[in-house]
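Peer 1: I'd like to go over a predicted model; first the sequence, then the structure.
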Amino acid sequence: MTGLPDMTEAQIRRYARHIVLPEIGGLGQSRLIAARVLVIGAGGLGAPALQYLAAAGIGTLGVIDDDTVDLSNLQRQIIHRTADIGLAKTESARRALADINPEVAIRTHAERLTAANAERIVAGYDVVADGSDNFATRYLLNDTCYRLRKTLVSAAILRFDGQISTYKAWQGDDHPCLRCIFPAAPSEESVPSCAQAGVLGALAGTLGALQATEVVKEILGIGRSLSGRLLTYDALGASFEEMAIAKQPHCPTCGTP
């Protein structure tokens, strides 16, 4: 395949455990090096996702977050250190990712994702990993990625529970979008924030690592995609469950007008 970078000897050594996998190999690793991934949030989900994506050799990693590091973040947002308290999360993430893999180009967006900037930011990437903590941002990302034909890997966590799915409704009738499952946002009372209800720190690592795995799979086109399936994890019960998701013909985003 033309247009993919040749790997250096150091890269071959760094990514050796990927390269020996038949599903990845040298060509697959070159695809990862050429890929551009945007991670929404450098928080509980974004922190482990960013670390594993950087370690995997994703060539360009974007991170958008308008928050600063707080002491309460450190229980689960493992990309940040105590010394980073008060620092912009994007800058703290840049430092940590450069330590993991200095070959990765880090693009920081120290701003909040809004309807005014979403298309401009998302357009520069191939795949988006959503680690946001509110439905307004999730809906905005879902709609933007659908319009721009970008694959979206979205996860959410609360208390001891997590869920993850992949959305690429633009690929056809077998691929629903987020609004096919949640046509309207639930009330704030029914879905409290992590600050209100709490969250197990290690749970963020579990779901963030799953996000990184699904992003890599989507870039390489390997394995079974989570598109059309919602995977849930119950940490207390140590169990995963899977639910099939159908595309809704009257979905406000991907349905037939």
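Peer 2: Yep, it's here. Residues are numbered from 1 along each chain as shown.

Peer 1: Do I have it right that Ala96 meets Ala55?
Peer 2: No: Ala96 lies out of contact with Ala55 (Cβ atoms under 8 Å); the separation is 11.2 Å. Every C-beta, even on glycine, is put in place using the N, C-alpha and C of the backbone.

Peer 1: Contacts only, for the closest residue to Met243 other than its chain neighbours.
Peer 2: Among residues not flanking Met243 along the chain, Leu230 sits closest, at 4.6 Å (Cβ to Cβ, 6 or more residues apart in numbering). Listed by Cβ atoms under 8 Å, 6 or more residues apart in numbering, the contact set of Leu230 reads Gln163, Ile164, Ser165, Ile181, Glu242, Met243, Ile245.

Peer 1: Mind picking out the helix or strand in this structure with the poorest mean pLDDT?
Peer 2: Using mean pLDDT, DSSP states H and E, the weakest-scoring helix or strand in the chain turns out to be helix 194-197, at a mean of 79.

Peer 1: Give me the more crowded residue out of Ala96 and Ala55.
Peer 2: In terms of neighbours (other Cβ atoms under 10 Å), Ala96 is the more surrounded of Ala96 and Ala55; the figures are 20 against 16.

Peer 1: What residues of the least confident helix or strand of the chain count as buried?
Peer 2: Buried residues in helix 194-197, counted by 16 or more other Cβ atoms under 10 Å: Cys194.

Peer 1: chain center to that helix, what's the gap?
Peer 2: 21 Å (Cα atoms, centre = their mean, to the nearest Å).

Peer 1: Leu178 contacts Tyr167, doesn't it?
Peer 2: Yes: with contact defined as Cβ under 8 Å, Leu178 counts as touching Tyr167 (5.6 Å).

Peer 1: Which neighbours do the two have in common?
Peer 2: Counting by Cβ under 8 Å, 6+ apart, the common neighbours of Leu178 and Tyr167 are Asn142, Leu152, Ser154.

Peer 1: how much space between the nearest residue to Thr256 once chain neighbours are set aside and Leu148?
Peer 2: Nearest residue to Thr256 in three dimensions, chain neighbours excluded: Pro249, at 5.6 Å (Cβ to Cβ, 6+ apart). As judged by Cβ to Cβ, to the nearest Å, Pro249 and Leu148 stand 22 Å apart.

Peer 1: Of these two, give the one with the bigger neighbour count.
Peer 2: Leu148 (15 against 10).

Peer 1: residue ranges for the helices of this protein, please.
Peer 2: Taking DSSP state H as the test, the helices found in the chain are 9-14, 16-19, 25-34, 46-56, 89-100, 118-122, 135-148, 178-181, 194-197, 201-220.

Peer 1: Good, wrapping up.
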